[in-house]
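*Asks:* make a model of this:
(2 chains)
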Amino acid sequence: MQLQNIATVIRSKNAGPCLVTFDLMFKDTDDFLRAKKAVSHIRSEVARLYGKSENEVRVIDYAPSNAVKITIPRDIVSGNPGDTDVYGAQQHSLLLEIEI
Amino acid sequence: MSAIQRLIEDFEKNGRRPLRVLGASGQLGYGIPTPALEEGLTRKPDMIGCDMGSIDIGPNYLGAGKMAPTRVGAKRDLRKVLRAARQLDIPLIIGSAGSAGAKPHLDQTLEMIREIAAEDDLHFKLAYVPSDVPREVVRREIKAGRVMPMDSMPELTEEEVDASSQLVGQVGLEAFRRALETGADVVVTGRACDTGIFASIPAMLGFPLGIATHMAKIVECASLCCTPGGRDTILAELDDEGFNLESMSPKRAATPASVAAHSLYEQADPYDIREPAGRCDLRNAHYEALDARRTRVTGAVWQPADRITLKLEGARLVGYRALLLSATADPRFIARHAALLEEVKTVVRDLVCEDTAQDYDLFFRVYGVDGVRHWPTPPNPMPREAFIMGECLAPTPERAEEVVRTTKQYLLHHGFEGRLSTAGNLAFPFTPPEVVTGAAYRFNVFHLMQVDDMAAMFPVFTETF
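*Replies:* Here you go, the predicted structure:
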């Protein structure tokens, strides 16, 4: 199933000017555990889609919110010449079709 | 007797009780909904706090010394919270003055406070803490190896320190505490850790630092931790074991899930709140519903750091910006736009750089195709319309304008093989389609510096109205 059909929230935002962080939230523990089991697959897909090495992709599962957090370096520091998304709030859509 | 002195005396005389903390605004200047603020004031709060800034808004505000909201909006919100705090005679604490917290931002904020005090005949003692970092200190600490880059920033150089138009440090809880200890009723700081706004009074009253910091991190965003999230005032009732959260808007509920989820927001690690003097560990945090709209939070643990670190933020001028706003609906142009835009860049360069080397950067963002990010593959099919934003960064505003005006003309009339639309490639929504936005900045300092004596670096100043 694609992430967009299982997650209730898929969002991106800066975590400081150098990082962009993605939050995947799930409606219940079952869906969360399914994503948690797929963490290494999600990590490699994020690395491939966003053009990063796997060791640049940090994944933390966060049970209090049934959430998985993924953080990667921004392609360009927020607001530097050539930036396209200063807040990093529109970088999430490559995640939508990841199969888990 | 000042508001803070009375609060401390109340705790000494009458024993410990829950502290009622009102988070009035997470972005002072963008509006504070009156009904929720008024409701909060009926709950007999012990203090009001407001965050006014962030680094997330980008380098321009810091670099240019300008506020993100309008002065009218900022003054309206300042008036609301100043009047509220003086009416109840409780401390008002404001962090990251004027959006980015450097001297021009703090000066503008203090000027508005002085105006309001005079206009509304308010009387109080003000303490403020500038957070500009002396350059010679940073240069010395670079030499001493006591400055470290954050995340993907390069090592800090003395050249970058000198080139910053503004250079601030995020002061922490201790700066707010020193300001309060002067007997101030109103405290305003330059750039600050948002937690210091709300955790400083709890620290002075002896509440556990882990719980107080966790509470501070949540209420600094007002009702953002609720469902639905929003900017309404929030009330936290802090005791020695935890805190209870309640939005002052009946439309918003602080649920265990919504409050826990707030730890994810704009943070790389949801279990960790980093402060100059330590970290707040949320691994054992517990969220429990008190009723449909209130949640109790317990379990955060404070871990002091071995050494105090100051987060430095600086921005430097990169040039002056001018834009071209235009669009296309020609399928042949859209199909070949990437090559055509490169051709036009060359045409423009040959025209405006006849006598000089290229002294500017010209970027195109083609919305509908790749304006928001560089996607792994292009859209298929290509869109019917595309918005083309040209951006020039040049050494002067005049040069930037010259480049985008020339670009407009040659992009409009650029010929290509198979072209049918020979009267023009672009639609302009209005003329002139060129806009000069002025000075442009980038973050050039985002580093941690070890500091031995925060008080010496960031002294407190007071004024009485």
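*Asks:* most distant residue from the centre of chain A?
*Replies:* Among the C-alpha atoms of chain A, the one farthest from their average position, using C-alpha atoms, centre = their mean, is that of residue A:81, at 24.3 Å.
*Asks:* ok, so what distance separates it from chain B?
*Replies:* 6 Å (C-beta to the nearest C-beta, to the nearest Å). Heads up, the C-betas are built off the backbone N, CA and C, glycines and all.
*Asks:* pLDDT at residue 41, what is it?
*Replies:* No chain in the question, so chain A it is. Per-residue confidence for residue A:41 comes out at a pLDDT of 96.
*Asks:* that's the other chain; I wanted chain B
*Replies:* Per-residue confidence at residue B:41 stands at 97 (pLDDT).
*Asks:* residues contacting the residue farthest from the centre of chain A?
*Replies:* If a contact means C-beta atoms under 8 Å, 6 or more residues apart in numbering or on different chains, then residue A:81 has B:318, B:361, B:363, B:393, B:440, B:442 as its contacts.
*Asks:* restrict those residues to those near chain A?
*Replies:* Of the entries in the contacts of residue A:81, those that also sit close to chain A under the rule C-beta under 8 Å from any C-beta of the partner chain are B:318, B:361, B:363, B:393, B:440, B:442.
*Asks:* now, of the residues you listed, which are buried?
*Replies:* Buried subset of the ones next to chain A among the contacts of residue A:81 (neighbour count, 16 or more other C-beta atoms under 10 Å in any protein chain shown): B:318, B:363, B:393, B:440, B:442.
*Asks:* any part of the strand or helix carrying residue A:24 near chain B?
*Replies:* The secondary structure element spanning residue A:24 is strand A:19-26 (assigned by DSSP states H and E). Yes. Legend: contact between strand A:19-26 and chain B by C-beta under 8 Å from any C-beta is shown at A:19, A:21, A:23, A:25.
*Asks:* could these go into a markdown table alongside pLDDT, neighbour count and distance to residue B:405?
*Replies:* Written out in a markdown table, the entries for the residues of strand A:19-26 next to chain B read as follows (pLDDT from 0 to 100; neighbours: other C-beta atoms under 10 Å in any protein chain shown; distance: C-beta to C-beta, whole Å):
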| residue | pLDDT | neighbour count | distance to residue B:405 |
| --- | --- | --- | --- |
| A:19 | 97 | 22 | 37 |
| A:21 | 96 | 25 | 40 |
| A:23 | 96 | 24 | 43 |
| A:25 | 96 | 21 | 47 |
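*Asks:* ok, and the closest non-adjacent residue to residue 44?
*Replies:* In the absence of a named chain, chain A is used. Counting by C-beta to C-beta, 6 or more residues apart in numbering or on different chains, the nearest residue to residue A:44 once its immediate chain neighbours are dropped is residue A:54, at 5.9 Å.
*Asks:* let me rephrase: I mean chain B.
*Replies:* Leaving aside its sequence neighbours, residue B:44 sits nearest to residue B:20 (C-beta to C-beta, 6+ apart; 6.3 Å).
*Asks:* wait, doesn't that neighbour sit right on residue B:40?
*Replies:* No. If you go by C-beta atoms under 8 Å, residue B:20 and residue B:40 don't touch, sitting 9.1 Å apart.
*Asks:* now for these two: what residues contact both?
*Replies:* Listed as contacting both residue B:20 and residue B:40 by C-beta under 8 Å, 6+ apart are residue B:235.
*Asks:* if we can go back for a sec, partner strands of the strand holding residue A:24, parallel or antiparallel?
*Replies:* Looking at strand A:19-26 with DSSP bridges, its paired strands and their directions are strand A:7-14 (antiparallel), strand A:67-73 (antiparallel).
*Asks:* could you point out which element follows it?
*Replies:* For strand A:19-26, the following helix or strand on the C-terminal side (DSSP H and E) is helix A:29-37.
*Asks:* tell me the buried residues in that next one?
*Replies:* Applying a neighbour-count criterion of 16+ other C-beta under 10 Å, the buried positions in helix A:29-37 are A:31-32, A:35-36.
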